[in-house]
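Chemist: next comes the sequence, and after it the predicted model I'd like to discuss.
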Amino acid sequence: MAERRMFAKTIIDSDAFLDMPQSTQLLYFHLSMRADDDGFINNPKSIMRNCKCSEDDLKMLAVKRFIIPFESGVVVIKHWKIHNYIAKDRYKETKYKEEKSSLALDDNNAYTECIQDVHGLETQVRLGKDRLGKVRLDKSKETASAPDESKPQKDKIEINTGNEQLDYALSEYEKMRKKIRKPMTKRAMELAIGKLQKMTTDVDEQIAIVNQSVMNSWQGLFPLKEEKKKETNVFDEWRNA
């Protein structure tokens, strides 16, 4: 692993980055310094503990889309290719090829999660397990057919609460429910959002409640424990100071 890493000022000078708590920014720098040549880190929680940061810092980096987490526990720096250019004669590919295969590069050269094309594949296709799990195709057909876009897609749940970070947290909650084999319907998501709004009107607390269920693989949404509420309030006070 290289001893030196670079950081693009376009990322670390952005309002999105500077609006985060200093402990979250610190964790980002430590993760980036220890990433492999493709930007992957296999021990984010150990690094978090060593630099005296909290799980909330790790969660915030994911919610703000500065890192992309995988079910395996590995994370990747989203803007790695913007930060670092590594010469071919020095480049060493990541060991986390399965996680890497579930990513693509957008127009800005940042990592983004991609949906692999399964058109024409037979019976059963395994996609990246951190993203989609297994897709079982109709065994009565030799190949998978593209969905008819003129018909509504029953499995697609559109989430629009008016807050981008909350929408992302809820989409991760929906993915987690699929992973634990408790998929949500559109009505179930509407009820979950309604329950969330009854618990609290504070958006940051709502996000923390959803993230709590995602991190613990809970089927339902539950109020924060008192110590978590205090942490959220401390963050709000810092941000509004």
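Modeler: Sure thing, it's come through.
Chemist: all the strands of this structure, residue numbers only.
Modeler: 40-41, 67-69, 75-77, 103-105, 111-113, 124-126, 134-136 (DSSP state E).
Chemist: can you tell me which of these is most buried?
Modeler: strand 75-77 (a mean of 25; mean count of other C-beta atoms under 10 Å). Every residue, glycine included, has its C-beta placed from N, CA and C.
Chemist: ok, and what's touching that one?
Modeler: For strand 75-77, contacts defined as C-beta atoms under 8 Å, 6 or more residues apart in numbering pick out 31-32, 35, 38-41, 44, 62, 66-70, 83, 99-100, 103, 111.
Chemist: if we use 6 Å, what do you get?
Modeler: Applying C-beta atoms under 6 Å, 6 or more residues apart in numbering, the external contacts of strand 75-77 come out as 32, 35, 39, 40, 41, 44, 67, 68, 69, 111.
Chemist: give me the beta-bridge partners of the last one?
Modeler: Taking DSSP bridges, one obtains residue 105 as the residues bridged to residue 111.
Chemist: list the contacts for it?
Modeler: 76, 78, 103.
Chemist: circling back: between the contacts of strand 75-77, which sits nearest residue 176?
Modeler: Ranked by distance to residue 176 (C-beta to C-beta), the contacts of strand 75-77 are led by residue 69 at 11.5 Å.
Chemist: wait, that closest one sits on residue 62?
Modeler: Yes. Assessed by C-beta atoms under 6 Å, residue 69 is found in contact with residue 62 at 5.1 Å.
Chemist: quick revisit: need the contacts of residue 111 in CSV (columns: pLDDT).
Modeler: Formatted as CSV, the contacts of residue 111 follow (pLDDT from 0 to 100):
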residue, pLDDT
76, 97
78, 96
103, 93
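Chemist: quick check, nearest of the contacts of strand 75-77 to residue 93?
Modeler: Closest to residue 93, out of all of the contacts of strand 75-77 and judged by C-beta to C-beta, is residue 40, at 10.0 Å.
Chemist: where does the closest one land on pLDDT?
Modeler: Residue 40 carries a pLDDT value of 97.
Chemist: out of the contacts of strand 75-77, who's nearest residue 214?
Modeler: Taking these together and measuring to residue 214 by C-beta to C-beta, the closest member is residue 69, at 9.8 Å.
Chemist: residues contacting the closest one?
Modeler: 62, 75.
Chemist: okay, domains of the chain per the record?
Modeler: 9-113, 117-146, 164-240 (automatic domain parsing).
Chemist: pick the most deeply packed of those.
Modeler: Among these, domain 9-113 has the highest mean neighbour count (mean count of other C-beta under 10 Å), at a mean of 17.
Chemist: how far is that one from where the chain is centred?
Modeler: Computed by C-alpha atoms, centre = their mean, to the nearest Å, the chain-centroid distance of domain 9-113 equals 11 Å.
Chemist: tell me, how many residues neighbour residue 114?
Modeler: Residue 114 sits with 15 neighbouring residues when counted by other C-beta atoms under 10 Å.
Chemist: which residue packs closest to it, ignoring adjacent ones?
Modeler: Spatial nearest neighbour of residue 114, excluding adjacent residues (C-beta to C-beta, 6 or more residues apart in numbering): residue 104 at 3.8 Å.
Chemist: now swap in residue 73 and tell me
Modeler: That would be residue 42: by C-beta to C-beta, 6+ apart, it lies 7.0 Å from residue 73.
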